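Enquirer: Have a look at this fold, sequence not included:
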Ligand code: NAD
């Protein structure tokens, strides 16, 4: 049985890794879909699809799981939810079941006639992209929340500095006329 796990992975963290381990107890093979593949360099989505592929593939290699995850596929958003499942299917090899914790994604797959399963959440307060990006911005320790291979990728691309620069750019965008600082 081949499964699909779809997510933004901004960044890929240890919660995602645990989900993959769980799915591989039920599925023979896993496709990892990188959602919102067209978005990067924003506060919520700082990393490109290519950078996310590098993070995921190096973490899976480090954990000895890469052989069971046959494809990592970027999936850009479409601005029509009713067409999304067809769009996902057009970009991926055949899969039998989808795993997602995202309620909208789950509903869209079910309405599209595809079995959609929910997986348990692992310490969501800690293992979440939002928390990791918050820690990066506030200078707190974030490295223990992602696999060691992901730490290396983020450091090699200056990911934390990028996030801080993006935040600064966004503040400037919001200045009112006459203001010189946020
Ligand atoms: P995410 O990276 O937040 O999560 C990926 C998966 O990991 C999810 O199933 C989530 O439940 C799970 N996860 C995260 N933290 C976990 C933890 N600590 N323990 C266990 N599991 C954990 O990504 P997401 O927001 O679910 O991604 C959905 C993607 O689908 C987005 O890119 C979204 O844009 C896309 N989408 C697009 C459309 C469209 O284009 N019209 C419609 C629906 C969804």
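Expert: All right, it came through fine. Note that the structure is predicted; figures quoted are calculated from it, not measured.
Enquirer: could you say which helix or strand contains residue 116?
Expert: Assigned by DSSP states H and E, residue 116 belongs to strand 115-117.
Enquirer: wait, I meant residue 60
Expert: helix 49-62.
Enquirer: That helix: which residues count as buried?
Expert: Going by neighbour count (16 or more other CB atoms under 10 Å), the buried part of helix 49-62 is 49, 51-60. C-beta coordinates here come from the backbone N, C-alpha and C atoms, glycine included.
Enquirer: Could you do stretch 97-104 as well?
Expert: Under the neighbour-count rule (16+ other CB under 10 Å), stretch 97-104 has 97-101 buried.
Enquirer: Spell out which parts of this protein neighbour the ligand.
Expert: In this structure, the chain approaches the ligand at residues 6-9, 15-16, 18-19, 35-36, 77-78, 81, 84, 100-102, 104-105, 108, 119, 121-122, 124, 127-129, judged by CB under 6 Å from any ligand atom.
Enquirer: how about a cut-off of 5 Å?
Expert: Applying CB under 5 Å from any ligand atom, one finds that the chain approaches the ligand through 7-9, 15, 19, 35-36, 77-78, 81, 84, 100-102, 104-105, 121-122, 124, 127.
Enquirer: Give me the subset of those residues lying in helices.
Expert: When DSSP state H defines the helices, the subset of the residues of the chain next to the ligand inside them is 15, 19, 81, 84, 104-105.
Enquirer: Closest to residue 2 out of those residues?
Expert: Nearest to residue 2 among those: residue 19, at 16.0 Å, using CB to CB.
Enquirer: I figured that closest one was touching residue 117, is that so?
Expert: No - at 10.8 Å, residue 19 does not count as touching residue 117 under the criterion of CB atoms under 8 Å.
Enquirer: Could you please give me the overlap between the contact lists of the two?
Expert: Here residue 19 and residue 117 share the contacting residues residue 99, scored by CB atoms under 8 Å, 6 or more residues apart in numbering.
Enquirer: Which of those two has more residues huddled nearby?
Expert: For the pair residue 19 and residue 117, the greater number of neighbours falls to residue 19 (21 against 15), based on other CB atoms under 10 Å.
Enquirer: quick one: average pLDDT of stretch 152-170?
Expert: Mean pLDDT, taken over the full extent of stretch 152-170, equals 93.
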